[in-house]
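>>> What shape does this take:
(2 chains)
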Amino acid sequence: MELEELRQVTRSFVLSHQTLCITGVSFDKRCLVGYTELTLHPLVKNFNVIKLNARQLTIYAVTINDERNVEFSYDDPNIQILSDDDPRRDLTSFLKRQQRFFEYVDPDEGNGELTIFIPLSLQQQEQNSSTTNDDNNNNNTTDIVYKVTIDFSLEHPENGIHFFVPDDDAKLSRLSRHLFTTGHDARLWFPCVDSYCEPSTWAIEVTVEESLTVIASGELVECTTNNELKTYRFYLSTPAPAPFIGLAIGSFESVVDSNTQEITNYCLPGLLTLLTNTTSFVHEPLEYYEELLNASCQYPNYKQVFVTEPHAECIPFASMAIFNVNLLYPSTVIEATWHSRTQMAFALANQFFGCFITMRSWRDWWLLKGLALYLTSLYTRRAFGNNEYRYNLNQDMLDVIRYEREENPIRLDFAPIKSESDITNVNNRRGTMMSSQYLEVAAKKAHLVVRMIDDFIGREIMMQILNKLMCLATTACLKDAPLSSRSRLHISSKSFSRVVSTLTTKDIQALLTQWVYESGCPRLIGSFTFSRKRNVVELELKQDTTIKGSKKFLGSLVIRVQELEGSFSHTILLEDSVTKYELTCHSKVRRNKKKKIPLISGDEVDMDLNQMDPECPILWIRIDPDLKVIRELQFEQADYNWQCELRYERDILSQFEALEALKRYPSQNTRETLGTVLDSSNCFYRVRIECAYVLTHIANSMANTWTGTLATLSFFRRVFMSTNSTLSSTNVTTSSTNNLSLTVPSANIVRINDFSNSQMYMIQKTIPQAIALQRNKDRVCPPEVINFLFELIHYNENSKNRFSDAFYRSSLIDSLSNTLTNIGLTSTTTNVDLLLNHTLDTNTKRIFDEILLQLNYDKIIPSYGFCVTCSCLRVLHKLNIISGIPIDINVFYEYASYGMFDRVRLIACEILVEQIEIRMNQDVFEYIFNLITNDPDYNLRHKIIQHLCHHPPFRQNQTCSLNNPITVHRLWSLIKNFAYDNQIRNDLVELYQIMFGLSRPNCLPSLNETNEILIKDELDDVSDTIVDIDPERLSYFRLARYADDTKAAASKLASTSK
Amino acid sequence: MDNTNTDNPYDVLFERSLAVIIREYGFDNIELSAYHQFLDISNTILRRLLLNVKNFMEIQSRTEPCPADLARSLQMMNVKLSSLQQTYNHPIKHRLRSPDRQTETHPMKLFRVTSTTNNTSRKHRPIYIPDFLPEFPDPHTFISSETYADLRKDYPRVRHLLADQRRALQRSLVKFKLQTNEKLSVINTHGTNINDYYLIKNTISPLPYLSALLPQDQMESESTETIEDETVANISHRTKSLSATDDGEM
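Alright, predicted model coming up:
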C-alpha cells in the first residue's frame, strides 16, 4: 500500500533529514545568511540530478558528500512568467502558462527551481556500490546517502520571511524589531523540497545577537553564547515537511502556560499583560483534542508567537503557530474573546491534522482543512455552547451557498485543468493558484463536508478513524521506523476513504463525488397540504436546477413534523427533481384545546391554538433540521406556522428560519410574536437580536398602519433604562448648557453600564442598530429614534463597569449611521456654506458634529483597536455618499497611510475602494494601486485587493471612465511584478477576471492576426506537455523528460563556461 | 362635648354643670363613657350626702337642715372641711397649659423634607396620644424609606451633571488639541472658507499596535470621581428589573 502511494510522487529521492543553519541575521540590511544540509536517499538507478526548490535566494555553493563546488543551475520560471510581455493580455493563455510553470517547478513531479548535477565521480561510486549490492538484495539504492549542503543568503525578501523594522531609533522601536515566516512557502527562504508529502526530521540552528530570542519548530536542545552572539539549536524529531517549518526572531517577551508547561507564548515588548490574558485558556483545547482523539500531541512542545503584519491572522507550523498581534486583548474587552480563542484552537487542531498529518497533495487540501476546522468546531461547541456552534455552522453554509450562487462554483478537489475549455474561471485550477476569497469559502465547505462524513459514519467511528490515523502516524515517528513508513504522515482523499471502508462497511465515495469532486449545491423548494380524509401530510419537494451553482441532490433527507401530539421525524429519499411524499399524521384534530403539546426537546407547553386552522393538526414542518446536507431551502407554510415555530421551537436554526420567513408576513400577529420572543429571557441572544431586526423590518413595511412605539424601543427602555421618574424634577434640575439633548426632557436615562452579563451586553449593544433602521411613512428615520440614540450617547457612563465600552460606543455610532437616508435631500448645491448651514437636515448635521467629536476624541484617548475611529470613518463615508456632505478625500488618505493601526488603515482603504466604485475617481485609483505595489504591510495589500474584488469599479468590460488601456496595463504589470507572492498574484488575477473577463479586454485594440498565430504555435508546444493522469506513465515520462532537460542544461552550461 | 338627651331638666342642668366643672379643671376633652361614669359617681355621692343630711335633720327633729348637718354628714363621708376650704380658695390648682408652640423649630428643612412630611401628616397621629404631648420628630429621623423617594428624584440630576461634565471635558479636550496640534479640514472647501470642521492630524507611530491594543479609556474612567449613593440606588433598580429579564440560559 505504501509503495503504491509513494509511486504517485515522482521524486527520484527521499529526504530523511534536513539541517537548516542560519549563521547571520541583519535587521538593518533585512537579510539572512546560512546553509542547509539535506540527507537524500536516491530511488532511481541513474541518479544524476537533484531538483530542489529555492526562490528569491542567492545560492553561493553546493557541496555533496565533501565534493565542493558542485555544478548547479537556477531557473525560476515564475519570475519570467510575464517578463516577455505578452501583448494579448488575456487570462486564458496566462493561466495555462502559469499552470505549466507551476508544474515545471512542482516538487511532487520531481521538479524544482534549483538543479544540482551530481558529479560523475560520485555517480560512479554509486554505480559501483549498487552493482555489488545488486546480487545481495533488490533494495539497491537505499544504502547510498547523499549529503547536499547549500550555502545561501536571502536579501530584502518580498515574501516567505517578513522583517518588521520600525524607522525610528527609539529604544522600544529597536526592541520591537522582529522577523517571522509568513506562510507555507518554504522555498522562499531556504532551499528545500517544498512539498507537503516529504516529511523529514529537522535540526535548526540560528545564531543571533544576544538580545534576540529565536523560536523555531522543534525542541530547543541547546543555547550557547559566544562573543555577544547566541546560538539556538532546535531539533524536531517528529518528521515534518518543509512548508511547516516556522521561524520567528525578535526580542520577545514570553510566558509559560500555567497549566501545561509544554505551551509557551511569546509577544512583542509591552504586551505581556495582554498575552497572559489572551492565552490563559490554551491548555483547554489541547486537553480536549487529546481526549477526543485518544492520542497525544506528537510534538514535545508548542509555541505561540504574536507578531505584527503577518500575512494571515493565524499561521500554524509544526509545534508552533504565528498569530497576528491584534488577536491579543485585555480582560476588559468582551467580544474579542470568541474570535481569538477560535483562532488559537484552530492552530492547535492543526498540530494534529494539518501540520502533523499533512495533505498528500493540493487535491487533498479540503480533507486536512476540513478535519482541522472540524476539531476546532468541536472545541468551540464545548467552549461557547451548542447554539453558538449551530449558528456558526448555519452562517458557513449560507456563505457557501451564496458564493456558489453569485460567484464561482466550489470544487474542493483542486485537480489541475486538462484542457483549455476547462478554464471557466480563475479558481478552477491547481491549489496554489486559488484566490484567497475562494480558499476561504472552500474551507467552510470542506468543514461542512467533513461534518457530513461524520454524520454518515457516526461520531464514535469517526473518532476511531481519526485515532487510527494518529496511531499510524505515531509509529512513523519512532526512531527506528523505516523511511517508507513516513507515508503514513500524509493522507489523501483516497486513503481516507479506504480507511473508512476498512473500519466500517460504509462507502463514502458517493458522498465525496457529490460534494468534493463536483461543485454545486441543491436548492429545495417545498410546500405541504394536509389531507384530512386520509390523515396524511402531502409534502412536495422540488429541486430547482436552473439557477447558477445548483446541483441535483439524490439521497435521504430528514423531515420533522411538529403535530399536536408531538414531534415526529420522517426520513425520505430524494430521487427526482420533483417528488411527492405522504407522511402519516399521528394526531387527530382536537376539540379540547387545553391539553399541553409535547415538543422534541421533551418539554410540554401550552399553546394558544385559536389562530390555528381547525382542520389541520400540523403546527410546523422542518426540512433537514440538523444541516446534514449543504442546501438552500425555500419552504412554504402559513404565517401562523412560522409564528408558532419561532415561539415554541427551541432549536435556534429553526427560529432563524422562521424569522427569515416572517419578514414576508407583516401583520399584527407577527408583531406580537416577535415582541414576545424579544422579551423572553430563555431565548438565545442572537435570536433576540435578529428578532429586533425583523421587527424593524415589519414596522417599516407596515409604516402606514403602525401604531404605538416600536416594541424594540420599549423593550430597551424597560430593560436597560432607569425606571420612570417624574418629569418635573428633571426639568427643574436641567442646567442651562448649550447641549442639544438637554433641551429634550428625558423621562428615562440609560443605566450606567454593567456588562457582567455578556448576553445582555450583546443585546444592549446591537439593538440600537436595529432600532435605527426604523423608517416612518416618509421613509426617513423618526426623530424620536434619533433623539433616543443621542441620549444613549450622551448618558453613556462606564465608570463603574469592569469592562470596556469601546465596542458599545462604536456600535452606537454605527446606529447613527443606520439612521441616514437620502430621502428628502433636495439640494444639489455646490455651495458648501449654504449646504452645511441651511439646506442640510438638522439631524444629519447633528450626526456630523457628533462624529467629528468622537473621531477627534478617539485620537486623544484611543479605544481598543481604534474601533470607534473605524465606525466614525464609515459614517463619514456614508455622510459623503448619502447625505452629500463634501468630505475631503484627504481625510481618508490620512487614515490609510502607513503608521496608523492596521485595522483603521484597512477601513480607510476599503472606503477609498468604495469611493472608486461610486465616483470613478482616477486619483484614488492611482493611490490604491500605489498602496498595492509599495505598502510595507502585505496583509493590507491582500485585503485591499480582496475588497476590490467585492467592489470593483466596473465588471466585465462595462463602459466607464476607468475602463481604459492604462488600467489594463497597470493591473497587468502588477500581476507581473508579484512574482514571489502567489496569493497576491492570484487575487489580482481574480480581480482582472472580474473586471475584464477571461479573454482580451475589450478596451484594447484587436491584435494583429499573424502575431496571434505565432504565439499560438509557441503555446501549442506548451499545451501538450500538460499532465496526463496515469501515474505510472507520468513518472516515466517525467524522469525521461528531466533527464533530457538536465543534459541540455549541462551542455548549455559547458558552452557558456567555455 | 356630647350631651345625653334626657327629659329631666335637672339631669341636663347637672350634666352641664359637671362638665363645666371638669373643664374648669383643665380637661378640654373627655370620652363619653368616662364622663357617664363620672356622672354616675357624682350622682351617687350627692345622693349619699343628701341622705345623710336628711337623717341628721330627722334625728335632731327638725324639718329643715342647717349647715351643721351638712358639715356633720361631710365628716361622716371622710371629707375634711379644711380641704373643702382650700378647694374653695384655689379652685383650679393644677390647670394645664397647652404646650408652647413657639419653641418649635424646623431643622428638617436642611434634610430635604418633602411636602408630604409636613404638618399634615402630624395630624394623623394615633388618637391615644394626647395632643399635649410633644410632637413626633421629623419623619426622616426615624423612617428611612422616606429618603429613598428623595434620591429617586435626584438620580436623573446627578446623571445629567455627570454626562454634562464628561461631554464638556471631551469637547474642551478636543478643542484644546485642535488649537495646539496640526489640523486637517474635513470639508472639501472648494475655496470657500468654513472653519468649523477639523480633525486633529494623525501622528504617525512606528508601533501603532501599542496604543491600539492598550487602550486608556478604561483607566481614565476609573479615575473619575463618582458619587457613591446613586450607584447604590441604581443597583437596587437594576436588580429589581433584572429579575424579570435576567437570562443565563442558552
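
>>> Count the residues that sit near the closest residue to chain B within the stretch 501-650 of chain A.
For the stretch 501-650 of chain A and chain B, the shortest gap (Cβ to the nearest Cβ) falls at residue A:650, measuring 10.1 Å. Bear in mind the C-beta positions are built from the backbone N, C-alpha and C, glycine included. Residues near residue A:650, counting by other Cβ atoms under 10 Å in any protein chain shown, number 16.

>>> what's the closest non-adjacent residue to it?
Leaving aside its chain neighbours, residue A:650 sits nearest to residue A:601 (4.7 Å; criterion: Cβ to Cβ, 6 or more residues apart in numbering or on different chains).

>>> wait, isn't that neighbour in contact with residue A:654?
No: taking contacts as Cβ atoms under 8 Å, residue A:601 lies outside contact range of residue A:654: 11.2 Å.

>>> who touches residue A:810 in this structure?
Residue A:810 is in contact with A:863, A:867-868, A:870-871, counting by Cβ atoms under 8 Å, 6 or more residues apart in numbering or on different chains.

>>> what ranges do the strands span in the stretch 51-200 of chain A?
A:57-64, A:72-74, A:114-117, A:146-155, A:161-164, A:178-181, A:200-209 (DSSP state E, counting those that start in this stretch).

>>> for these, which one sits closest to chain B?
strand A:161-164 (9.5 Å).

>>> and the closest one, what does it pack onto?
Judged by 3 or more Cβ pairs under 8 Å, 6 or more residues apart in numbering or on different chains; DSSP states H and E, the packing partners of strand A:161-164 are strand A:178-181.

>>> For the strand it packs on, which helices and strands make contact with it?
Applying 3+ Cβ pairs under 8 Å, 6+ apart, one finds that strand A:178-181 makes contact with strand A:161-164, strand A:247-250, strand A:302-307.

>>> Quick one: list the elements packing against the last one.
By that I understand strand A:302-307. Using 3+ Cβ pairs under 8 Å, 6+ apart, strand A:302-307 sits against strand A:178-181, strand A:247-250, strand A:263-267, strand A:320-324, helix A:336-350.

>>> buried sites along the longest one?
Within helix A:336-350, the residues scored as buried using 16 or more other Cβ atoms under 10 Å in any protein chain shown are A:336-337, A:340-350.

>>> Isn't residue A:111 up against residue A:100?
No: the pair formed by residue A:111 and residue A:100 falls short of the contact definition of Cβ under 8 Å, at 11.3 Å.

>>> what about those two, which has more around it?
residue A:111 (22 against 18).

>>> Return the member of the buried residues of helix A:336-350 nearest to chain B.
Closest to chain B, out of all of those and judged by Cβ to the nearest Cβ, is residue A:336, at 9.8 Å.

>>> Return the residues in contact with the closest one.
A:327, A:329, A:864-865.

>>> can we see that at 7 Å?
Contact analysis of residue A:336 by Cβ atoms under 7 Å, 6 or more residues apart in numbering or on different chains lists residue A:329.

>>> quick one: it from residue A:90, how far?
As judged by Cβ to Cβ, to the nearest Å, residue A:336 and residue A:90 stand 45 Å apart.

>>> Equivalent analysis for residue A:709, please.
Counting by Cβ to Cβ, the separation of residue A:709 from residue A:90 is 60 Å.

>>> count of neighbours near residue 125?
Using chain A. Counted with other Cβ under 10 Å, residue A:125 comes out at 13.

>>> look at chain B instead
For residue B:125, using other Cβ under 10 Å, the count is 12.

>>> And the residue nearest to it when sequence neighbours are not counted, what's its pLDDT?
Once flanking residues are discounted, residue B:125 sits nearest to residue B:136: 6.4 Å by Cβ to Cβ, 6+ apart. pLDDT, residue B:136: 75.

>>> would you say residue B:136 is within a strand?
No: judged by DSSP: H, G, I helix; E, B strand; the rest coil, residue B:136 forms no part of a strand; its state is coil.

>>> Assumed the residue of the stretch 501-650 of chain A closest to chain B was part of a helix.
No: with three-state DSSP as the criterion, residue A:650 is located in coil rather than a helix.

>>> distance of it from residue A:629?
From residue A:650 over to residue A:629 the distance is 22 Å, taken as Cβ to Cβ.

>>> does the nearest residue to residue A:214 once chain neighbours are set aside count as helix, strand or coil?
Nearest residue to residue A:214, sequence neighbours excluded (Cβ to Cβ, 6+ apart): residue A:232, at 4.1 Å. Secondary structure state of residue A:232, per three-state DSSP, is strand.

>>> burial count for residue A:232?
Counted with other Cβ under 10 Å, residue A:232 comes out at 21.

>>> Residue A:220 is in contact with that one, correct?
Yes: using Cβ atoms under 7 Å, residue A:232 is in contact with residue A:220, at 6.4 Å.

>>> what are the ranges of the helices in chain B?
Listed in chain order, the helices of chain B (DSSP state H) span B:9-24, B:32-59, B:67-76, B:81-89, B:119-122, B:145-180, B:208-213, B:217-223, B:228-245.

>>> cool, and the stretch 151-300 of chain A?
A:171-175, A:272-278, A:283-293 (DSSP state H, counting those that start in this stretch).

>>> Between the ones you listed, which one is closest to residue A:800.
helix A:272-278 (21.3 Å; Cβ to Cβ).

>>> So residue A:474 versus residue A:375, what's the distance?
17 Å.

>>> my bad, residue A:296
Relative to residue A:375, and taking Cβ to Cβ, residue A:296 is found at 15 Å.

>>> I appreciate the help and will end here.
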